[in-house]
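here's my sequence, what's the structure:
(2 chains)
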Protein chains: 2
Amino acid sequence: MVDPNQVAGLEACAANDSPDGCLYGTGLYKTGESAASVDDTFRGPTGTLEVPQRFLMGPGPGNANPRILAAQTLPLLGHMHPPFLAIMDEIQAGLRYLFQTSSNYTLLASGTGHAGMEMAVANLLEPGDTVLVGVNGIWGERVADMAERFGAKVVALHTEAGTALSLADLTAAVELHRPALLFLTQGESSTGVRQSLAGVGELCRRNGALLLVDAVASLGGVPLFADAWQIDAVYSGSQKCLSAPPGAAPLMLNERAMAKVRGRSSKVRSYYFDLLLVGDYWGWYGSRSYHHTGMVSMWYAVREALAIVSEEGLEAGWARHDAAHRQLWEGLIQLGLEPFVAEERDRLATVNTIKVPAGVDWAALCKHAMDVYAVEVSGGLGPTAGKVWRVGLMGYNAKPANVELVLAAFRSGLALQGFTGGVSAAAASA
Amino acid sequence: MVDPNQVAGLEACAANDSPDGCLYGTGLYKTGESAASVDDTFRGPTGTLEVPQRFLMGPGPGNANPRILAAQTLPLLGHMHPPFLAIMDEIQAGLRYLFQTSSNYTLLASGTGHAGMEMAVANLLEPGDTVLVGVNGIWGERVADMAERFGAKVVALHTEAGTALSLADLTAAVELHRPALLFLTQGESSTGVRQSLAGVGELCRRNGALLLVDAVASLGGVPLFADAWQIDAVYSGSQKCLSAPPGAAPLMLNERAMAKVRGRSSKVRSYYFDLLLVGDYWGWYGSRSYHHTGMVSMWYAVREALAIVSEEGLEAGWARHDAAHRQLWEGLIQLGLEPFVAEERDRLATVNTIKVPAGVDWAALCKHAMDVYAVEVSGGLGPTAGKVWRVGLMGYNAKPANVELVLAAFRSGLALQGFTGGVSAAAASA
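Presented below is the predicted three-dimensional model:
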């Protein structure tokens, strides 16, 4: 039995205030540390948080499914506990279904959609690599910024806001620049454009490039077949069509992309995002090692979101998003509004961009929608700022009642501003 | 009024399956995309998630406070909505209290504790800078890894596992190497050592170095006065003494640290962690701009955690952790166990390291504690692997009932292995 009195002064402390004996009595302070007094002028918030209930019908986050929020109240598990590792396995299976891939390499980046973007870019590019970035809105610009920080040579291929890149233009650019990586945004939430991925995977394989796709605003809302379409890497976010809170980024790499990661001649310029390390936490390489502490509640939420996707089925979910998109546009056209994206074939179902008519104050309409209906309708972003409204129809929010509420907010907001879409107010209300 | 039939084929689509007319009828597929069929062999999880209830008495995550988990069920707000920005303001105020600083520069990194570490290292070091890393366990090693990835020159100052670095050794090393940055871990969770910060801030100022402190396992559990102790930057995690889920990393920089960030000659090698951008989302520079989508539910949780800290008061919280630490050791010593950290002055209250006695199977005891009591007690990590158990007393878990449960698990687990701490079993049970 150890003599308590011989354990380095532990027992003596309670009765001894001498700095030499047990270091400031209570042991609160370590050698020589000054016991500054707590400054209550910095006192933080108190009381229980309350937040208003809103309909988040902008480009995201959308409203979370209550079943998903409820999953976040489940008790925490340790980040290496077998039941938690089993949940990670379920998430990986759910991601394989969502991405339509047989790849072993799926995971959640521990951060928002931007973390997925940075993880993909950081791992798939080495200093000196050329990356061809399709820019049809702000996401391409952001990837270009990231790629430059990681030392890559960026070639940007622009298309006018509201249009998609053509396969012909992509082909010419890939053949000219021979990039290590081609980046495209499937659902460009700043412009409401859906980029066709037809033929792009094949183009990349013919030319020795990897294809990286941003599917943050589109995944789960519109078709994506990672294997059949030969997409080498793709990432998304949790707060769009998955209807979970923001904070986790689904990511997939296939074997071609993993060959690049494994064959790197330089370390990834990030510990947090290094897939050779993070992947080993997710069991990619046949074992499990601690890299960082998994985001327990957040991953519960994503697991639940993926279960909801599996239970509904992807085709049913895509059809639901498409129906909501059509319902929205039927109503908007009745109100005299027009799509920003000229070609129907380029329109994204999940984020809809609506031209602001001449003489209408877009911000006043957004304020009205929020004040009266608690409905979020967003303005433009980047190239569309001031030119459009953006309406998101994603996941839990892609349903008739939400669309009707958005239309009611537009109808009333436009009427307040005297806009009748070219017909008289009387005729419009008839 | 716009003629619906002139809006790029929208109305025509429902009745027209021709690829030329409205692109595959339903509009689900974009130009030329092949409609692969969904492969249900990838079907993900179904049904509602269930997880076991455990007492997480290892080095973290600890159990979340139920009030904090409940906050995560509140409806989502948009990441730029004024009520959400007000919550971010509350978080910043709560962090100022927690860090005891008047600095304007507090935020949550959108990731786990490692994200806070990487954000600090990425912003405070430029390629070619020298960083002096105090290594008293694995966290210093990890910072060294990160710093090298960002191009810094790393000088490691080691101390034996279970001991803290002395101010004399730190002074000699700072004066010799003249680092741009000194890194120390206040609560080294791999060894159970609490590093004294006495005099270190002053040392750094005298020598033109910044002081960066890892307080992941200590913040809220033991005293830290960022301003009074002249700490230039400090980060922590949400899942330790704050008792929130993992996923957000409190971070503070003072004006000295911000001068380094503002005066950089090179861009931060990360978009996601660039404080010149992220800080503008948190209002550091007088405005608010969108950088990434804030982690809405997670930040609700941290806001609630900070309110709980403010309501209890820091001194009361520190005293509660200290009392739990003393209660634990009184019990452990009765069981014949000894602390791994020889000097009482170096012992961390929040993560306690206990020597595994000769002849005792540490893993069997952990398994017993989990199987019988649903209590997590951890083994060692890095330099302490196989040598110690680690018991966390953090936040919501730092209370008498939890300590008693841990002691019961040890008592029963040791008895099963026939360990009596040098006294006979009969005497021990008397």
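
since we're on residue A:411, how many residues are nearby?
If you count neighbours by other C-beta atoms under 10 Å in any protein chain shown, residue A:411 ends up with 16. Any C-beta I mention is one placed from the backbone N, CA and C, and that applies to glycine too.

equivalent analysis for residue A:363, please.
Counted with other C-beta under 10 Å, residue A:363 comes out at 11.

so which residues of chain A form helices?
In chain A, the segments counted as helices under DSSP state H are A:19-22, A:66-71, A:82-99, A:113-124, A:138-149, A:167-177, A:200-206, A:255-262, A:275-281, A:296-312, A:314-334, A:362-373, A:400-416, A:425-429.

for chain A, give me the ranges with low pLDDT.
A:1-26, A:422-430 (pLDDT under 70).

mind checking how far the residue nearest the centre of it is from residue A:217?
Residue closest to the average C-alpha location in chain A (C-alpha atoms, centre = their mean): residue A:237, at 2.3 Å. Residue A:237 is 8 Å from residue A:217, where distance means C-beta to C-beta, to the nearest Å.

overlap in contacts, the two.
Both residue A:237 and residue A:217 are in contact with residue A:60, where contact means C-beta atoms under 8 Å, 6 or more residues apart in numbering or on different chains.

still on that earlier bit, check contacts around the closest residue to the residue nearest to the centre of chain A other than its chain neighbours.
Once flanking residues are discounted, residue A:237 sits nearest to residue A:113: 3.2 Å by C-beta to C-beta, 6 or more residues apart in numbering or on different chains. Shown in contact with residue A:113 (C-beta under 8 Å, 6+ apart): A:216, A:235, A:236, A:237, A:239, A:240, A:246, A:249, B:292, B:293.

equivalent analysis for residue A:244, please.
Contact partners of residue A:244, counting by C-beta under 8 Å, 6+ apart, are A:64, A:65, A:68, A:238, A:298, A:301, A:302, A:304, A:305.

can you tell me which of the contacts of residue A:113 is nearest residue B:43?
For the contacts of residue A:113, the minimum distance to residue B:43 (C-beta to C-beta) is 18.4 Å, reached by residue A:236.

next, give phi and psi for that closest one.
For residue A:236, the backbone dihedrals (degrees, to the nearest 10) come out as phi -150, psi -170.

residue A:30 and residue B:167, how far apart?
As judged by C-beta to C-beta, residue A:30 and residue B:167 stand 11 Å apart.

so which of the contacts of residue A:113 belong to strands?
Applying DSSP state E to the contacts of residue A:113, the entries found in strands are A:235, A:249.

ok, stretch A:205-216 near chain B or not?
No. Stretch A:205-216 does not reach chain B (C-beta under 8 Å from any C-beta of the partner chain); its nearest approach is 9.4 Å.

what does stretch A:138-148 give?
Yes. Counting by C-beta under 8 Å from any C-beta, chain B has neighbours in stretch A:138-148: A:142, A:145, A:146, A:148.

highest neighbour count among those residues?
residue A:146 (26 neighbours).

identify the residues contacting the residue lying closest to residue A:45 once chain neighbours are set aside.
Nearest non-adjacent residue to residue A:45, counting by C-beta to C-beta, 6+ apart: residue B:90, 4.0 Å away. Contact analysis of residue B:90 by C-beta under 8 Å, 6+ apart lists A:44, A:45, B:303, B:306, B:307.

my understanding was that the residue nearest to the centre of chain A contacts residue A:112; is that so?
Yes. At 6.2 Å, residue A:237 counts as touching residue A:112 under the criterion of C-beta atoms under 8 Å.

overlap in contacts, the two.
Joint contacts of residue A:237 and residue A:112 (C-beta under 8 Å, 6+ apart) are A:246, A:248, A:249, B:293.

and which of the residues you listed is nearest to residue A:59?
Nearest to residue A:59 among these is residue B:293, at 10.0 Å by C-beta to C-beta.

tell me how many other residues crowd that closest one.
Residue B:293 is flanked by 26 other residues according to other C-beta under 10 Å.

got the phi and psi for it?
Main-chain torsions, residue B:293, degrees, to the nearest 10: phi -90, psi 110.

ok, it to residue B:126 distance?
Distance from residue B:293 to residue B:126, counting by C-beta to C-beta: 28 Å.

residue A:183 too?
28 Å.

between the two, who's got more neighbours?
More crowded of residue A:183 and residue B:126, by other C-beta under 10 Å: residue A:183, with 30 against 19.

run a quick neighbour tally on the residue nearest to residue A:187 when sequence neighbours are not counted.
Excluding the flanking residues, the one nearest residue A:187 by C-beta to C-beta, 6+ apart is residue A:218, at 2.9 Å. Neighbourhood size, residue A:218 [other C-beta under 10 Å]: 28.

and for residue A:400?
If you count neighbours by other C-beta under 10 Å, residue A:400 ends up with 11.

wait, it touches residue A:324, no?
Yes. Counting by C-beta under 8 Å, residue A:324 is a contact partner of residue A:400 at 7.2 Å.

just give me the closest of the residues of stretch A:138-148 next to chain B to residue A:189.
Nearest to residue A:189, judged by C-beta to C-beta, of the residues of stretch A:138-148 next to chain B is residue A:142 at 11.7 Å.

contacting residues for residue A:366?
The contact partners of residue A:366, by C-beta under 8 Å, 6+ apart, come to A:376, A:377, A:378, A:379, A:389.

hmm, 10 Å instead?
Residues in contact with residue A:366 (C-beta atoms under 10 Å, 6 or more residues apart in numbering or on different chains) are A:58, A:375, A:376, A:377, A:378, A:379, A:389, A:390, A:409, A:413.
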